[in-house]
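> Make a model of this:
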Amino acid sequence: MLPGGGPGASGMSNFRPNLPVFARHFRTLVVDQPGYGKSDKPAVEGNYFTFAAGALKVLLDELGLDQVHLVGNSLGGGTAVRFALDCPERAGRLVLMGPGGLSLNVFSPDPTEGVKRLAEFGAPPGPSREKMAAFLRTLVFDQRLVTDELVGERFAAASDPESLRAMASMGASFFDPAGYEQGLLWREAHRLRHRVLLIWGREDRVNPVDGALVAMKMIRRAQLHVFGGCGHWVQLEKPDEFNRLAIDFLNGDDT
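Alright, predicted model coming up:
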């Protein structure tokens, strides 16, 4: 399980209600991506998706895992796709929720509302709880999920200097000419031969649902499920339905 890349994100913040359900069916690993949670926060070398996919490969090598299914949300979805492209034999099935890099807005403007709020968090005069709350509100359709406790937890994780530097390095990596094209995953999506389940919230304000159209056309073995009344956090807003859908897909045969 690979989480998104908003300020204060971590594996458990993104997948807390999903982990115990998945763990009844699979050996399940929740991974903090580089720069987030309890993982190291080095400067990103090259494009972040490639950098994080390389770190994932090292982790799997260390654990002796030859092949894994990947469940990726937002930034984690982009890492999952880059890993599957670069190490196709190491990736099983892919479950991608509003994946970064693979999403290409056809009708929606760029940058989206959610991306704007993300960029504003660390901008002068610096982070604040109000900025964090504004960003989190773009992630969900049900605004009741953005509690004071959640805002405080995410703000504490995101506002220290090391985390701010890591997030800035991640963002800058997508504009570095040397690795810019590695982040345009939709251009390489035709190379994926894996079974892919794309999951979107109809009211996603970070990576809008029209971003799925090119991926659906380009990926040979893709299917798409859209949840109404749902934003960017499908696995948190629709946990029971998401768990059933994703587990059934991962348990499917290859006939």
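> Next up, the contacts around Arg117.
Lys131, Ala134, Phe135, Thr138 (C-beta atoms under 8 Å, 6 or more residues apart in numbering). Bear in mind the C-beta positions are built from the backbone N, C-alpha and C, glycine included.
> Let me see the ranges of the strands in this structure.
In the chain, the segments counted as strands under DSSP state E are 68-73, 91-97, 196-201, 222-227.
> who's in contact with the longest one?
The contact list for strand 91-97, computed with C-beta under 8 Å, 6+ apart, reads 67-74, 77, 80-81, 83-84, 102, 192, 194-200, 232, 234-235, 242, 246, 249-250, 252.
> Please repeat the previous calculation with a cut-off of 7 Å.
67-73, 77, 80-81, 83-84, 102, 194-199, 234-235, 246, 249-250 (C-beta atoms under 7 Å, 6 or more residues apart in numbering).
> any idea which helix is longest in the chain?
In the chain, taking DSSP state H as the definition, the longest helix is helix 48-63.
> Show me what counts as buried in it.
Tyr48, Phe49, Thr50, Phe51, Ala52, Ala53, Gly54, Ala55, Leu56, Leu60 (16 or more other C-beta atoms under 10 Å).
> Against Arg82, how distant is Leu2?
11 Å (C-beta to C-beta, to the nearest Å).
> quick one: which of the two has more around it?
Leu2 (29 against 26; other C-beta atoms under 10 Å).
> Could you check how far the nearest residue to the more buried one once chain neighbours are set aside is from Asp160?
Nearest residue to Leu2 in three dimensions, chain neighbours excluded: Gly76, at 3.0 Å (C-beta to C-beta, 6 or more residues apart in numbering). Here Gly76 is placed at a distance of 22 Å from Asp160 (C-beta to C-beta).
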